[in-house]
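>>> okay, predicted coordinates and the sequence, questions at the end:
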Amino acid sequence: MAGPWSAGFRSLLHEHDYRIDEIDGTVPAALRGTLFRNGSGRNQLAGRWFAHWFDGDGMIQAIRFDAQGIHYRNRYVDTPNWRDENQAGRIMHRGFGKMRPGGVLVNAFRMAANVSNTSVVLSDGKLLSLWEGGPPFELDPATLATRGLQDFGGTVKAFSAHPRIDPDSGELFNFGLDYGRRTTLTPYRLHRGSLTKLPPVTLPYPVMNHDFVLTEHHLVFCLGPILVHPIRFLLGLSSFDGALHWDGGKPTLILLVPRDGRDAPRFIETEAFFQFHFANGYEADGTIVLDLARYPDYATVGQALRDYWHSDWPAAGMATLTRLRIDPASDTVESRAYAAGSANEFPKVDPRRIGKRYRYAYIACNPADRATGLQQQVARVDLESGAVACHDFGPHGYVGEPFFIPTGAGEDDGVVVAMVFDAATEGSAVVGLDARDLAAKPLFTARLRHPVPYGLHGCFSPD
Ligand SMILES: [Fe+2]
């Protein structure tokens, strides 16, 4: 199966650098700065698609809003994988789903190559391109040129692509998962260029985990039973993706890691579910509240990501924006689902509310009655009242992560910026929506000179 959305996975090999000349509407004067985005730019090699969407090579986009308009630039992260496979014109390295051609022996004891394709973060003026299986690559924020691998003096092996920055202190928190004889989760704090390793947490069994929530006192993880078989992968018997196995008989483990690294971490068991992404979370009266795009399991999304370019992206089995209220005193977890249609993904909040009480989340979604297809809507969800406002990019538009950029003091005083692929024209645009009036006509639609393959995450650097 496939659908009109499928064309949006085609690679963009050319590296562009130009001022966008086709803009409908007006960019608000308060929107000034650069939106950096990351995602798989190349999904194909030698006429064949990579085995998994997560195999693609990291391509950074810098979308700069200034007094003259909008400037666009894209550039690949210059990883060894990118260089080697460009030179050879064929697959040279293992990935998340891809294997070296030639069987078990040519794959055994070779790690997945760092394709640096998941997100990008600015910390102390350093632009870091992220991929959760390895260290970041540092880039020049102005030219996007790759400066090199940044492993903080050999401290970092794995470094997740979802760091959270405390808006008051400026501290960046992150984690890495290391699969060895035992699986350890290592939390990190990065502040003023100095990286601190918090005490590693030994997990009871190896799992895959992609994101976490930062609250006032904790790093909070939801470790669903998506088990990893590291030996299968190590011996070359399967890809990393092929070494994943959902065990719904096991609980989801909620792990609370104190930010100060002093108290012992706590595990709380709850019913099995899976998530890639959290919107945010906070602490209130001894409880922890968090919002996530919650999947019943890994089956549907795991298969859709494997089939990406020819998947029908079924809605049944995909995620629902859900609030969890965790009470560590009684080990209880309450769950409440929001009515933001179907296929909820890429939840975002105002970055100034990270770890604090917040009211609004923005999420890509589809109408509730849509059975298949990638997301065509962005919803703004009032997490207090449950009210949902939607912007619809249909019938031909497919939208990625809705990124909230503040332009005023209020929590919803800002612009929601997203990349939209138009399947009718096979073109892409940068679209800005008024966060307070999401359903209205876009504030601006800036059409690019070329299509851009669907991406993942990014960050914003105000001027
Ligand atoms: Fe992610």
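Arrived safely. The model shown is predicted, which means the values in this text are computed figures rather than measured ones. Residues are numbered from 1 along each chain as shown.
>>> for residue 172, which residues are in contact?
121, 123, 163-166, 189-191 (Cβ atoms under 8 Å, 6 or more residues apart in numbering). From N, CA and C alone the C-beta is placed, and that goes for glycine too.
>>> across the sheet, point out what pairs with it.
residue 165, residue 190 (DSSP bridges).
>>> what's around residue 94, how many residues?
22 (other Cβ atoms under 10 Å).
>>> ramachandran angles for it?
Backbone torsions of residue 94, given as degrees, to the nearest 10, read phi -70, psi 160.
>>> grab the nearest non-local neighbour of it.
Once flanking residues are discounted, residue 94 sits nearest to residue 112: 5.0 Å by Cβ to Cβ, 6 or more residues apart in numbering.
>>> from residue 253, how far off is that neighbour?
Taking Cβ to Cβ, to the nearest Å as the measure, residue 112 falls 25 Å from residue 253.
>>> cool, residue 344 as well?
23 Å.
>>> so for those two, which sits in the more crowded spot?
Between residue 344 and residue 253, residue 344 has the larger neighbour count (other Cβ under 10 Å), namely 28 against 20.
>>> mind listing what the more buried one touches?
Residue 344 touches 293, 318-321, 363-365, 379, counting by Cβ under 8 Å, 6+ apart.
>>> mind redoing it with 7 Å?
With contact taken as Cβ atoms under 7 Å, 6 or more residues apart in numbering, residue 344 is in contact with 293, 319-321, 363, 365.
>>> that's a strand at it, yeah?
Yes: counting by DSSP: H, G, I helix; E, B strand; the rest coil, residue 344 falls inside a strand.
>>> still on that earlier bit, now, among the contacts of residue 344, which is nearest to residue 456?
residue 293 (13.5 Å; Cβ to Cβ).
>>> ok, and the closest non-adjacent residue to that closest one?
Nearest to residue 293 is residue 319, by Cβ to Cβ, 6+ apart, at 3.9 Å.
>>> could you export the contacts of residue 344 as CSV, including secondary structure and neighbour count?
Formatted as CSV, the contacts of residue 344 follow (DSSP: H, G, I helix; E, B strand; the rest coil; neighbours: other Cβ atoms under 10 Å):
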residue, secondary structure, neighbour count
293, strand, 27
319, coil, 27
320, strand, 21
321, strand, 25
363, strand, 30
365, strand, 32
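>>> does residue 61 touch residue 75 like I think?
No: taking contacts as Cβ atoms under 7 Å, residue 61 lies outside contact range of residue 75: 8.3 Å.
>>> gap between the two ends of stretch 86-95?
Length of stretch 86-95, first residue to last, Cα to Cα, to the nearest Å: 15 Å.
>>> which other residues reach it?
Residues contacting stretch 86-95 (Cβ under 7 Å, 6+ apart): 45-46, 50, 52, 55, 81, 84-85, 98, 100-101, 107, 110, 112-113, 115, 239.
>>> if anything else comes up later, I'll come back, but that's it for now.
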